[in-house]
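1. Just a sequence and a predicted model for now, questions to come.
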Amino acid sequence: MPGTAPGKTVAADWTLDPTDADACERLARALCTDGRDQVDSPEWVARARDAWDELPLQLRRAIRRFRRHSGPHGTLVIGGLPVDQASLPPTPAVPGSVQRQATVPAALLTMVACGLGDPLAYLAEKSGALVQDVVPVPGQETFHGNAGSAPLSFHTENGFHPHPPDYVVFLCLRADHDRTAGMRVAGIRQALALLTPADRETLFAPEFITTPPPSFGPDTASGAAAEPRPVLSGAVEDPDIRMAQLVTTPLTPRATAALAEFGRACGATARSLRLVPGDLVVIDNRVTVHGRTAFQPRYDGADRWLQRTYVSSDLRRSRDHRPHDGHVLAR
């Protein structure tokens, strides 16, 4: 199956030095003042946005450069961020787990999101929380989403929606026990060269339907008014992607063949990120697909734990989907 091979394993692009890591932790802790701070409140997000300006220059510069151009792979991996490991609770193991209360990891994620644009969430997914847990859940091992531990095929996040996120940011709080779980990433800037001109032309045609992923629940999937769209759009030499191998359906024979070739091209150029605690991954969701290799959870409170947030580089464009000009898309 495309998207399940291990691929090339890579390390962080660079790692914060201890002085900068300490500065990040101080700022994050300042956003967790009295135990009642709520990540989803507009006031707290505004504080995190202001705090972004105080983060170490090297971190801000890397994020700013990535926002302007996300490079050949469309990913940025920064190691050495503080995640308050000594104070972490057991890894959550329930469906729909999110982070509502301000913590050091949630504060770091939100500050970085504010540096890239604005944090974003979808009401139908994870109850609209801005910071979401990506953890294995007992009984959902084969679930094709963030609660599973089986291989997860290539996808961009929420390509079915008129306003998908521009970036997806992950922070690793705990690695899996066996250190085998890999976040697989593949960028169009690498894969495009492996596609024939005919396949490229087909992928730019509105001959595909993408429906909501399983994480949005059956009601959303059944009620979605899917319309044919292309997989690739924009500049022919540097296109954007909207695709999920599980829920993108080709509508013509040539679309079926082109989508299969695109999956093979992604698999051939994929890299595998084996994250350790403190690794922050920024994915340019417009030009990069991601997935996951299989791993074996133990459900002992120390399983793999990532936290995730979505980012919009232009929140204004989704104003008609966000009640009260908030950060949650209600439809």
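-> Cool, the structure landed.

2. all contacts plus neighbour counts: C-alpha atoms, from now on.
-> OK.

3. residue with max distance from the center of this structure?
-> Centroid-distance maximum for the chain: residue 253 at 30.9 Å, with Cα atoms, centre = their mean.

4. where's that one relative to residue 202, distance?
-> Look at residue 253 and residue 202: by Cα to Cα, to the nearest Å, they are 10 Å apart.

5. In the protein, which helix is the longest?
-> When the chain is parsed with DSSP state H, its longest helix is helix 253-269.

6. so after it, what's the next helix or strand?
-> Sequence order places strand 271-273 as the next helix or strand after helix 253-269, per DSSP states H and E.

7. Partner strands of that next one and their direction?
-> Taking DSSP bridges as the criterion, strand 271-273 forms sheet pairs with strand 8-10 (parallel), strand 183-187 (antiparallel).

8. Could I have the CA atoms of the last one written out in PDB?
-> Output in PDB follows, covering the C-alpha atoms of strand 183-187 (Å, rounded to 0.1, in the frame of the first residue of the first chain):
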ATOM      1  CA  MET A 183       6.000  10.300  10.900                       C
ATOM      2  CA  ARG A 184       6.300  10.000   7.100                       C
ATOM      3  CA  VAL A 185       6.400  13.200   5.000                       C
ATOM      4  CA  ALA A 186       6.600  13.700   1.300                       C
ATOM      5  CA  GLY A 187       6.600  17.000  -0.500                       C
END
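
9. Whichever helix or strand comes after it packs against which elements?
-> Beyond strand 183-187 in the direction of the C-terminus, DSSP H and E gives the next helix or strand as helix 188-191. Packing partners of helix 188-191 (3 or more Cα pairs under 8 Å, 6 or more residues apart in numbering; DSSP states H and E): strand 238-241, helix 253-269.

10. chain center to the shortest one: distance?
-> For strand 238-241, the distance from its own C-alpha centre to the chain's C-alpha centre is 17 Å (Cα atoms, centre = their mean, to the nearest Å).

11. need the strands for the stretch 201-331 of the chain, in chain order.
-> Taking DSSP state E, counting those that start in this stretch, the strands of the stretch 201-331 of the chain run over residues 208-210, 232-235, 238-241, 248-250, 271-273, 280-284, 288-292, 305-312, 328-329.

12. For the fourth one, the averaged confidence score.
-> Same thing as strand 248-250. Averaging pLDDT along strand 248-250 gives 96.

13. Check the last one too.
-> Taken as a whole, strand 328-329 has an average pLDDT of 94.

14. returning to what we had before: I'd like to know which elements the longest helix of the chain is packed against.
-> With 3+ Cα pairs under 8 Å, 6+ apart as the test, helix 253-269 has strand 183-187, helix 188-191, helix 197-203 packed against it.

15. that older thread, worst mean pLDDT among the strands paired with strand 271-273?
-> Among the strands paired with strand 271-273, strand 8-10 scores lowest, at a mean of 66.

16. Residue 307: which of the helices and strands packed on helix 188-191 is closest?
-> Nearest to residue 307 among the helices and strands packed on helix 188-191 is strand 238-241; the distance by Cα to Cα comes to 23.6 Å.
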